[in-house]
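Peer 1: Test case, fold it:
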Amino acid sequence: MKATGTGQQTKATFLPLRVDKVSRSFGGLQAVDQVSFTLSVGERLAILGPNGAGKSTLFNLVCGDLAADSGRVYLRGEDVTGLPLHHRVRRGLARTYQTSSVFAGLTVGEHLMLAHRGPEKGRLSLWTRRAIQSEAADQARNLAEQVGLGSRFGVQGSELSHGELRQLEVAMALAAEPFIILLDEPAAGLSPAERERLTALLLSLQTSVAIVLVEHDMDVALTVADRVIVLESGRLIAEGNPEEIEADPLVRAVYLGEQHGQPQESAS
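Peer 2: You can find the predicted model right below:
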């Protein structure tokens with residue numbers, strides 16, 4: 001198992017994501033310290049570590065919600081380090097958040113139509129052409145079916161269960177036709193049955209879409225991921241496939257602990 005990630009490769013322009021020695025501090029706290037990694041086309045990458053390891057900060061540096069103190073972030077070879085989230089979205093990045101955020105008064109279909117139209121300039125205009133509206137409606141129905149919400153297409157957001165909200169958020173991320181989706185603890189608060197459905201959904205996504213996953217549910221993360229990086233105190237201290245990470249004594253003792261492989265209580 002590799003001890004660190006160098007972020008070095010010969011064909012960087014073809015990689016969906018390259019993170020090169022990014023750092024971020026808050027006052028005297030070094031939240032992320034010289035972290036580098038890459039993401040291949042269609043790869044599923046999980047970021048693990050204990051509370052305070054810097055996972056969320058690194059995640060937000062990648063998506064543009066936070067600015068890096070140093071280091072660079074590249075999307076398909078383009079340096080996007082200085083660009084905010086909405087500009088990165090227009091370049092093919094999508095993300096979800098820990099807390100479900102939907103419009104209670106809009107239906108599943110309306111959410112997906114807005115998500116389909118949103119990333120490009122002018123696509124939220126009231127003067128949208130009928131052809132574009134029809135395209136958005138067709139894609140919305142297809143996405144709803146894909147994530148298991150086909151029968152809930154006309155249901156308002158306020159009527160969805162917590163698990164269905166997570167399914168909707170994944171669909172909304174897919175609606176923008178991204179090449180990378182960043183998922184911020186998608187299994188948080190889900191029941192065992194909902195976690196199982198979410199895991200199956202993530203595994204079913206097209207391999208053309210790469211995933212970066214921050215997740216406290218280790219069973220979900222290690223099932224979904226092709227590769228795992230582990231952080232401690234802002235530093236990348238381990239990298240490997242799920243089997244290597246799971247077998248590593250230090251990782252098991254310090255990060256996975258006793259929770260991996262043990263039944264978890266339902267939070268719903």
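
Peer 1: Please count neighbours and contacts with C-alpha atoms only from this point.
Peer 2: Fine.

Peer 1: Please, where are all the helices along the chain?
Peer 2: In the chain, the helices defined using DSSP state H lie at 55-63, 85-90, 108-117, 130-146, 162-175, 192-204, 218-224, 242-247, 249-251.

Peer 1: how about those, which one is nearest Glu78?
Peer 2: Nearest to Glu78 among these is helix 85-90 (10.3 Å), distances taken as CA to CA.

Peer 1: Would you check the distance separating the closest one from the middle of the chain?
Peer 2: Relative to the centre of its chain, helix 85-90 is centred 14 Å away, using CA atoms, centre = their mean, to the nearest Å.

Peer 1: how about that helix: buried residues?
Peer 2: 85, 87-90 (16 or more other CA atoms under 10 Å).

Peer 1: Go ahead and produce PDB holding the CA coordinates of stretch 24-44.
Peer 2: Output of stretch 24-44 as PDB, limited to C-alpha atoms (Å, rounded to 0.1, in the frame of the first residue of the first chain):
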ATOM      1  CA  ARG A  24      -5.500  25.300   4.100                       C
ATOM      2  CA  SER A  25      -5.300  26.600   7.600                       C
ATOM      3  CA  PHE A  26      -7.700  28.400  10.000                       C
ATOM      4  CA  GLY A  27      -5.700  30.600  12.400                       C
ATOM      5  CA  GLY A  28      -3.200  28.300  14.000                       C
ATOM      6  CA  LEU A  29      -4.900  25.100  12.800                       C
ATOM      7  CA  GLN A  30      -3.500  23.400   9.700                       C
ATOM      8  CA  ALA A  31      -6.700  21.700   8.400                       C
ATOM      9  CA  VAL A  32      -5.200  20.400   5.200                       C
ATOM     10  CA  ASP A  33      -1.400  20.100   4.700                       C
ATOM     11  CA  GLN A  34       0.200  19.500   1.300                       C
ATOM     12  CA  VAL A  35      -2.300  16.900   0.100                       C
ATOM     13  CA  SER A  36      -2.000  15.500  -3.400                       C
ATOM     14  CA  PHE A  37      -4.100  12.900  -5.300                       C
ATOM     15  CA  THR A  38      -5.600  12.200  -8.700                       C
ATOM     16  CA  LEU A  39      -8.900  10.800  -9.900                       C
ATOM     17  CA  SER A  40      -9.200   8.700 -13.100                       C
ATOM     18  CA  VAL A  41     -12.200   8.600 -15.500                       C
ATOM     19  CA  GLY A  42     -15.100   6.700 -13.800                       C
ATOM     20  CA  GLU A  43     -13.100   6.000 -10.600                       C
ATOM     21  CA  ARG A  44     -14.800   5.900  -7.200                       C
END
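
Peer 1: before we move on, the earlier item: could the helices of the chain be laid out in TSV, adding mean pLDDT?
Peer 2: Output for the helices of the chain, formatted as TSV (pLDDT from 0 to 100):
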stretch	mean pLDDT
helix 55-63	94
helix 85-90	92
helix 108-117	88
helix 130-146	82
helix 162-175	93
helix 192-204	93
helix 218-224	90
helix 242-247	90
helix 249-251	80
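
Peer 1: can you redo these as TSV with distance to Phe37?
Peer 2: Output for the helices of the chain, formatted as TSV (distance: least, CA to CA, whole Å):
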stretch	distance to Phe37
helix 55-63	11
helix 85-90	18
helix 108-117	29
helix 130-146	30
helix 162-175	23
helix 192-204	22
helix 218-224	18
helix 242-247	16
helix 249-251	18
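
Peer 1: related to what we said a few turns ago, out of the buried residues of helix 85-90, who's nearest Gly157?
Peer 2: For the buried residues of helix 85-90, the nearest to Gly157 is Val89 (23.3 Å; CA to CA).

Peer 1: so how far is Glu145 from that closest one?
Peer 2: Distance of Val89 to Glu145, given as CA to CA, to the nearest Å: 24 Å.
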